[in-house]
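> could you look at this predicted model? Sequence included:
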Amino acid sequence: MKEFLRTTLAAVIGTLLAVGILLGILSSQLMEQRQPDLADSVVLVLNGDVMFTDRGSVPSLADTVAQGAVSTLPLRRLIEAIDRAADDGRVDAILLLEGGPWVSGLAAKQEVFDALARFRGRGKTIVAYGDDFTMDSYWWASLADTIVMPTLGTFDFSGLGVELQYYARAMEKLGLEMQVTRVGRFKSAVEPYLLTGPSEADREQWANLLGDLQHEILEDIALARGFAVEDLEALVQAPGMFLAAEALERGFIDRTASFESVMEELRDLVGSGDDTGDWDTSHSFAQVGLLRYLADIHQDPPEYANWIAVVYAEGTIVDGYDSDNIGGAQLAEELRQIRLGEWAEAVVLRINSPGGSATASEVILREVQLLREAEIPVVVSMGDLAASGGYWIACQADLIYAEPTTITGSIGVFGMFPNAAGLLDKLGIDVASVQIGPRADMMSLARPKSEEELELMQGYVDLIYEGFLERVAEGRIMTVEEVDAIASGRVWSGIRAHELGLVDHLGSLDDAITAAASFAGVEDDYEVDYSTVETTAVEDWLDTMLAPEDYPVIHGPAVLQAIGQLEQDLGIETLLRMRQTQGVQARLPYRFVLR
């Protein structure tokens, strides 16, 4: 035992020494790197090397090492950079390179589009270059003064589509069954486990939703480039895909050329880069990367007496505490601390959620009600998704803001109860239950629910749906019948939800913050507290080592790529999701991939 302890201790000490030496070497290398001063005339380069989500995220060290996961910055930082650049005399232009930064969701991209439009409105230049463009990536590029593609680049204007996964055949092969209860013709979250394709009702609602979202994008592109929306819609129905030469002929781009010509154009605008010692950048142009620019414009905020608290609700709504999703108890506690601390004049609840647990949604909604009772205004800002349970927690706010491309509504409830008896039989696993009550094993995966048990659960679902309608009716000053007519689990675009009265205003997070300050009567004297995930000094240091950003066009950062999306696309986590969605839920119809 003594020898074992001695050996183990020696190994631990050796490892710590090795890590210390490595960190010392990396630290000295980092200290030797000097961030050059920002030139008087530069181009802000926006490329795909920085990733943005609504709140931002910092993965664990284990996820970073094992999966290549990377930190994401809050979306507001990208908006801030573009808006600051619009008023920064040193930034003469923005280069949108290969589609620009990675941003999740159409509503988030809408906010970036609006920020780029404000930049262009200040009389500044935007140049866009891409090997390929889709309707999605062209959305931002359409604002550019000059759009350039290589001769053999492809232009894909095929339109928006959605991919839905169905598991009925796989479940049959595995011996799995999903028993369901639900309310609402359009509450199709259970369909992937029962069918091999969408029902007519589901196909109808997706066609209408995609039509709304696509129309918003086409209107923006038409306004930016001088097209007629009808012509763009007709193009989507045509082949919609062609090479750069035809894109030039149709007026979508301004010229076909290599990237070298773009660099020459920008060099004429702002001058050449400097020789850093490691990289000869004199043949490029004076530029600054996004991370470098964000660091340069960072300033300590002035001291204000009044605070607006922005609270993020991002992810699936689950019971209890959960750092990866929206834990009902956890978010309720955050709202409660604001209320009891009495430090905020108003709260902006930023929602980006497909919904989830009805119980957790009700827990969160109660804290929203208590905030309003304490005379602390609550304004909701909807991101990409604020549907089902995501709408439940929003419906009684003082004001609700959404982007035109937000997906919301889905006012409905369902219950899913997996039955794995067939799978257990195939595996040769026998399950015995010893119980006192006749329904003690009702939620077991090892047997199907009886008709009596399903009727009992259907009763719960019906009651919860009625409660959902009542809460929406109270919050939106409508009758239950009026809410029911636009509910039934149907999803709506933000612009359609606004027309139906489910949303008060179309606008961004900043619009919601301004409204909250005005509602609280502090519009001329306030500061915003964002409850975003902030990186530590060590994480910033690692990002700098992995992704130097002085001259992004010359040497792009070696950003690690996450593999989580691949796992999702392959459907590997299907069985885990089945377990997570067991019970009564208020959530968006399944998982979808919007293309």
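Thanks, I have the structure now.

> name the nearest residue to residue 48, sequence neighbours excluded.
residue 102 (5.3 Å; CB to CB, 6 or more residues apart in numbering). (Each C-beta comes from the backbone N, C-alpha and C, glycine too.)

> and the strands in the stretch 151-300 of the chain?
Along the stretch 151-300 of the chain, the segments classed as strands by DSSP state E, counting those that start in this stretch run 154-156, 162-164, 177-183, 241-243, 255-256, 287-289.

> now the helices for the stretch 301-450 of the chain?
Assigned by DSSP state H, counting those that start in this stretch, the helices in the stretch 301-450 of the chain fall at 328-341, 358-373, 389-392, 421-427.

> show me the shaky parts of the stretch 351-500 of the chain.
For the stretch 351-500 of the chain, applying pLDDT under 70 flags no range at all.

> just put the helices of the stretch 301-450 of the chain in CSV and tack on distance to residue 112 and mean neighbour count.
Formatted as CSV, the helices of the stretch 301-450 of the chain follow (distance: least, CB to CB, whole Å; neighbours: other CB atoms under 10 Å):
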stretch, distance to residue 112, mean neighbour count
helix 328-341, 26, 18
helix 358-373, 28, 21
helix 389-392, 22, 32
helix 421-427, 45, 15
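
> right, and the strands of the stretch 151-300 of the chain - which one's nearest residue 392?
With CB to CB as the measure, strand 177-183 is the member of those nearest residue 392 (13.9 Å).

> residues touching residue 89, list them.
Counting by CB atoms under 8 Å, 6 or more residues apart in numbering, residue 89 touches residue 40.

> domains for the protein, by residue range?
Domain assignment for the chain by automatic domain parsing gives 42-158+240-300+534-562, 309-412+449-533+581-594.

> give me every residue that touches residue 369.
For residue 369, the contact set (CB under 8 Å, 6+ apart) comprises residue 396.

> what about it, distance to residue 529?
Taking CB to CB, to the nearest Å as the measure, residue 369 and residue 529 are separated by 22 Å.

> cool, and residue 80?
Counting by CB to CB, the gap from residue 80 to residue 529 is 15 Å.

> quick one on the thing from earlier: redo the helices of the stretch 301-450 of the chain as a markdown table? Include distance to residue 458.
Putting these into a markdown table (distance: least, CB to CB, whole Å) gives the following:
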| stretch | distance to residue 458 |
| --- | --- |
| helix 328-341 | 24 |
| helix 358-373 | 14 |
| helix 389-392 | 19 |
| helix 421-427 | 21 |
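
> closest to residue 156 out of those helices?
Nearest of the helices of the stretch 301-450 of the chain (CB to CB): helix 389-392, 30.9 Å.

> which other helices and strands contact that closest one?
Counting contacts by 3 or more CB pairs under 8 Å, 6 or more residues apart in numbering; DSSP states H and E, helix 389-392 packs against strand 346-353, strand 355-357, helix 358-373, strand 407-409, helix 451-476, strand 583-587.

> please repeat the previous calculation with a cut-off of 6 Å.
strand 355-357, strand 583-587 (3 or more CB pairs under 6 Å, 6 or more residues apart in numbering; DSSP states H and E).

> for it, C-alpha coordinates in PDB please.
Output in PDB follows, covering the C-alpha atoms of helix 389-392 (Å, rounded to 0.1, in the frame of the first residue of the first chain):
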ATOM      1  CA  GLY A 389     -43.700  26.200 -23.200                       C
ATOM      2  CA  GLY A 390     -41.600  29.000 -24.500                       C
ATOM      3  CA  TYR A 391     -44.800  30.900 -25.200                       C
ATOM      4  CA  TRP A 392     -46.300  29.800 -21.900                       C
END
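
> relative to the whole chain's centre, how far out is it?
Helix 389-392 has its C-alpha centroid displaced from the chain centroid by 16 Å (CA atoms, centre = their mean, to the nearest Å).

> mind checking how far residue 212 is from residue 387?
Separation of residue 212 from residue 387 (CB to CB) stands at 14 Å.

> quick one: residue 449 and residue 179, what's the gap?
Where residue 179 is concerned, residue 449 sits at a distance of 5 Å (CB to CB).
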